[in-house]
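> 3D, please:
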Amino acid sequence: PDPPDFIVETFAENLEIPWELVFLPDGRALVTERPGRIRMIDKGKLLDTPYASVPVSSSGEGGLMGLALHPGYPREPYLYVMYTHGDGVRSSNRVERLRDTGKTAVPDRVIIDEIPAARFHNGGRISFGPDGMLYVCTGDAVQPQTAQDLSNLGGKILRFTPEGSIPQDNPFGNSPVYAYGLRNPQGLAWDPDTGSLFCSEHGPSGEFSLYGKDSVNVIHKGGNYGWPRVLGKVSMKPYIDPIIFWPKATPPAGMTFFRRDLYLATLKAESLVR
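I've put the predicted structure just below:
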């Protein structure tokens with residue numbers, strides 16, 4: 001731990017369950033808080049007044065999660081959020097586009113709704129790829145078999161245009177599904193050299209009497225990553241094996257490439273891993 005070529009500093013504090021952090025072109029930063037607030041960090045200071053509020057159903061792992069800027073921002077003044085909404089009895093996850101007014105953000109359009117939600121396994125990461133498309137991580141919402149059901153949006157990586165339509169080159173026709181067989185995908189990152197998409201995923205926490213087994217996958221168009229039929233390195237077609245596999249609970253969350261290395265934040269391990 002603590003390699004000599006890194007210095008750790010506090011960037012912002014006094015946040016409530018910060019989930020996603022994105023930087024604006026002018027150096028300011030936006031961070032989502034799971035109870036439903038988007039906070040602004042300007043010149044290293046967390047502003048007292050929220051930049052925007054989103055009406056969420058914040059229970060367990062649900063609430064306000066992923067945040068992404070339109071690839072043409074600020075010329076295209078849009079940001080995208082993924083959040084849980086509902087009355088606590090029936091909830092779902094939604095991806096919505098907000099329009100930046102300069103001082104706040106206001107609702108613009110819903111990209112996708114009725115993504116399965118539960119107290120656990122909501123996925124939540126959203127990000128634009130180098131192809132200009134929006135990728136959305138969805139969890140199995142504690143219903144493992146849905147990850148293998150192509151008619152169900154749970155346990156998948158979904159792909160949309162910035163306007164919310166389905167790209168013509170998606171692998172399953174008029175479906176937003178890009179990859180499937182995932183339990184609770186939590187991180188997305190593209191290798192800057194190859195363009196390959198990497199995804200971090202949480203392994204089981206008691207399902208089928210299994211624990212741990214967290215992973216990192218390279219995501220291929222139309223790929224099936226096996227959950228819940230297989231787990232780990234099985235070398236069994238048509239399933240795609242992970243490239244990193246932790247036997248014990250880690251589990252990996254957000255991730256990014258920096259200077260050609262992949263960095264992962266972890267939860268239980270309380271570590272930043274290079």
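> can you report how many residues lie near Val54?
Close neighbours of Val54, defined as other CB atoms under 10 Å, add up to 24. For glycine as for every other residue, the C-beta is placed from the backbone atoms N, C-alpha and C.
> that one reaches Arg34, doesn't it?
No. Using CB atoms under 8 Å, Val54 makes no contact with Arg34, being 10.4 Å away.
> overlap in contacts, these two.
Applying CB atoms under 8 Å, 6 or more residues apart in numbering, one finds that Val54 and Arg34 are jointly contacted by Leu64.
> low-confidence ranges, this structure, go.
Filtered on pLDDT under 70, the chain yields the residue ranges 88.
> make it 80
Segments of the chain classed as low confidence (criterion: pLDDT under 80) are 1-2, 87-89.
> what pairs with the longest strand seen in it, parallel or antiparallel?
Counting by DSSP state E, the longest strand found in the chain is strand 105-116. Strand 105-116 pairs in its sheet with strand 91-100 (antiparallel), by DSSP bridges.
> can I get the strand it pairs with in PDB, CA atoms only?
Extracted in PDB, the C-alpha atoms of strand 91-100 (Å, rounded to 0.1, in the frame of the first residue of the first chain):
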ATOM      1  CA  SER A  91     -39.700   1.100  -7.600                       C
ATOM      2  CA  SER A  92     -37.700   1.100 -10.900                       C
ATOM      3  CA  ASN A  93     -34.500   2.600 -12.100                       C
ATOM      4  CA  ARG A  94     -34.500   5.400 -14.700                       C
ATOM      5  CA  VAL A  95     -32.000   7.200 -16.900                       C
ATOM      6  CA  GLU A  96     -32.900  10.800 -17.500                       C
ATOM      7  CA  ARG A  97     -31.400  13.700 -19.400                       C
ATOM      8  CA  LEU A  98     -31.100  17.100 -17.600                       C
ATOM      9  CA  ARG A  99     -30.400  20.400 -19.300                       C
ATOM     10  CA  ASP A 100     -27.700  22.700 -17.700                       C
END
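> does Arg229 touch Gly155 like I think?
No. Here Arg229 does not reach Gly155: they are 11.6 Å apart, not a contact under CB under 8 Å.
> mind checking which of these two has more residues around it?
Gly155 (32 against 15).
> so what's the more buried one up against?
Taking CB under 8 Å, 6+ apart as the definition of contact, the neighbours of Gly155 are 138-140, 144, 146-148, 180-183, 227.
> and the longest strand of the chain, what's buried?
Using 16 or more other CB atoms under 10 Å as the burial criterion, the residues of strand 105-116 that qualify are 105, 111-112, 115-116.
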